[in-house]
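**Q** Need a 3D model of the sequence below.
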Amino acid sequence: MAFEPWLLFCVTETVLCFTPGPAVLFVISLSLARGAGAGLRGSLGILTANVLYFATSATGLGVILLASWDLFVVVKWLGAAYLVWLGARMLFVPVASTGGAAATPRRSHLRPYVSGFVTQGANPKAIVFFSAILPQFVDPAASVPRQVAILGVSSVLIELTVLSLYVVACHQARRWARQPRYATALERVGGAFLVAAGARLAVLRRA
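**A** Residues are numbered from 1 along each chain as shown. Below you'll find the predicted structure:
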């Protein structure tokens, strides 16, 4: 594909990634409350959902999803409810019972990835981006799958970099507050970020 539309896409993607949306707030909450490993696994879940969205856009199914207002509303509220539920657990459930020792290592390691995938998969803003904005950077006269693949790889690399920066920043914050008495506070802050992400998703309107 041509260099100019690719560069414009990368700039647009970078700006959108740095904008605190549900995905960013989710990664921040995980990183603050559970550490860098959980934040990175949550990021990988988000990126997996994005890869599926790119595949959907390449096949044209995203346009069908975007055209269905009822489906858009259902997805929006399911995603918002899920984020608020996760945040409420972190806000009100004692830290010792939110998962650590009682959960098996495999389950506790997999949970952030699954939560990240569900969070992004239930984010109708992603449907809008991949179905309405992405086609503006694709030349229909050239190979569409090839262009979508290039944009997809670029998007994943950009978002992985941005989310990793957020994880690193949160990791530094945790290092400054390593005392046990701060564990509950960090868990509550993470829960507040998740509730905020759910609220942001709930007020999202279709473009």
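**Q** Report back the residue of this structure that's furthest from centre.
**A** Most distant residue from the mean C-alpha position of the chain: residue 141, 31.9 Å away (CA atoms, centre = their mean).
**Q** That residue: which element?
**A** Remark: residue 141 resides in no helix or strand, with elements defined by DSSP states H and E.
**Q** Would you mind measuring from it to residue 155?
**A** Here residue 141 is placed at a distance of 22 Å from residue 155 (CB to CB, to the nearest Å). In this view, the C-beta of every residue, glycine as well, is placed from N, C-alpha and C.
**Q** Walking through the chain, point out its helices one by one.
**A** 3-18, 22-34, 36-59, 61-67, 69-92, 105-121, 124-128, 144-176, 183-202 (DSSP state H).
**Q** Turn these into JSON lines, columns for distance to residue 135 and mean pLDDT.
**A** Shown next, in JSON lines, are these (distance: least, CB to CB, whole Å; pLDDT from 0 to 100):
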{"stretch": "helix 3-18", "distance to residue 135": "11", "mean pLDDT": "88"}
{"stretch": "helix 22-34", "distance to residue 135": "21", "mean pLDDT": "85"}
{"stretch": "helix 36-59", "distance to residue 135": "7", "mean pLDDT": "87"}
{"stretch": "helix 61-67", "distance to residue 135": "8", "mean pLDDT": "55"}
{"stretch": "helix 69-92", "distance to residue 135": "18", "mean pLDDT": "72"}
{"stretch": "helix 105-121", "distance to residue 135": "20", "mean pLDDT": "79"}
{"stretch": "helix 124-128", "distance to residue 135": "12", "mean pLDDT": "69"}
{"stretch": "helix 144-176", "distance to residue 135": "9", "mean pLDDT": "88"}
{"stretch": "helix 183-202", "distance to residue 135": "23", "mean pLDDT": "70"}
